[in-house]
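A.B. asks: okay, predicted coordinates and the sequence, questions at the end:
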Amino acid sequence: VPVSYYFEQNIPKEKLHHHENLFSIMTLNIGHGRGASLHQLIQSRKNITINADTIAEVIKREEIDITALQEVDGPGFWNGGLDLIEHLAENSGVPHGIWTRNVETAALSYGTALLSTLPYSHAESYTFKARPFILPKGYTIGIFRISEKTGTHVCAVSVHLAPVMSSMRRLQTEVLVESLENIDYPIIITGDFNCEYNNNSAVKMLVERLNLKAWQPESDKFATHILGKRRLDWILVSEDLEFIDYKVLEDKLSDHSAVKAVIRYKG
C-alpha cells in the first residue's frame, strides 16, 4: 500500500524563481544525509543536519523548481529522530513537498520525495515488492503546473531502483511503465536508476517503452557515483520537452552527485 504525506509552506512569491514553460529539475540520492561518510550509522544528528543544510543551500543556489530525492528520511534511529525531508523543505525555502515512505519499520522510515516551487495538483506513491534481505525501493509521482498562463502541467517522478540484480530492476521498471503509460502530461523520470545506459538496462528500457529522451546517454562525461565513476543517476524527458542545459554538480553531497537540468516545454 503506498504511503505518503504532503506538506506546504508559506514562501513569499518573490523568492521563487520560475519562467513560463522553462523550469529546472535536480535529482540527488542524499544517502540518508550522511554526506561523504561511509554510513549514516556513524554520523551524529548534528552532522546529518549540517549535511542536509548543505543540500538545501545547493537547491537554493541552483534555483531548482523541482527537486527529486532518494534515500531521504523521516525520523529514525540513525538520525536521532530528525525529520530530514521536512528539514530540507524548510531550509531550502521550497513550499511544496511530496514524500513516500518506501521503507517503514519500527526504527527506519525513508524513501523517495519531490520538493517543488511549483504547485502540484496530484500525487501518487508506489513501493516495489520487497525481496528477501533487500530493503524495498519505490517512486513518487507529482503532477506540477509549470505555467499559470496556459495551465500547462508536467508529470515528474522520483524513482529509486534496486542496487543489485538487473533482472529486479527490469521488473520494477515494468511496474513504473504501467503506472505512466496512460499519463497525458509531459513526463520527467529522474532518480537513482543504479544502472548505466546499455542494451539490457532499466534506463534504456524506460527510454524505449515510454518514448523518452536522455541527455547524451552513451557519454562517459556524466558519472554520478563515487565508486567506479558510474552514471547511475538520470533525468529522462518525453518528446514534448527539451533539454536546455544538463550538468552534474561538483558539490560533494553524498556518494552520489546531484544532476541538474533546465527543461523547456515545447508546446
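C.D. replies: Yep, that arrived.

A.B. asks: skipping adjacent residues, who's closest to His96 in space?
C.D. replies: Nearest non-adjacent residue to His96, counting by Cβ to Cβ, 6 or more residues apart in numbering: Ser116, 4.5 Å away. (Glycine included, C-beta is placed from N, CA and C.)

A.B. asks: check the protein and tell me which residue is nearest its centre.
C.D. replies: Taking Cα atoms, centre = their mean, the centroid of the chain lies closest to Ala68, which sits 2.4 Å from it.

A.B. asks: partners of the helix or strand harbouring that one, with directions?
C.D. replies: Taking DSSP states H and E as the definition, Ala68 sits inside strand 66-73. Paired strands of strand 66-73, with direction, are strand 22-29 (parallel), strand 109-116 (antiparallel) (DSSP bridges).

A.B. asks: which among those strands is found nearest to Leu210?
C.D. replies: Taking Cβ to Cβ, strand 22-29 is the member of the strands paired with strand 66-73 nearest to Leu210, at 16.7 Å.

A.B. asks: contacting residues for the most far-flung residue of the chain relative to its centre?
C.D. replies: Here the chain reaches farthest from its C-alpha mean at Lys149, the gap being 26.8 Å by Cα atoms, centre = their mean. By Cβ atoms under 8 Å, 6 or more residues apart in numbering, the contact set of Lys149 is Glu20.

A.B. asks: which sections of the chain are below the confidence cut-off?
C.D. replies: 1-18, 35-43, 76-81, 106-107 (pLDDT under 70).

A.B. asks: can you give me the buried ones in the longest helix belonging to it?
C.D. replies: Counting by DSSP state H, the longest helix found in the chain is helix 45-61. Buried residues in helix 45-61, defined by neighbour count with 16 or more other Cβ atoms under 10 Å: 47-49, 51-52, 55-56, 58-59.
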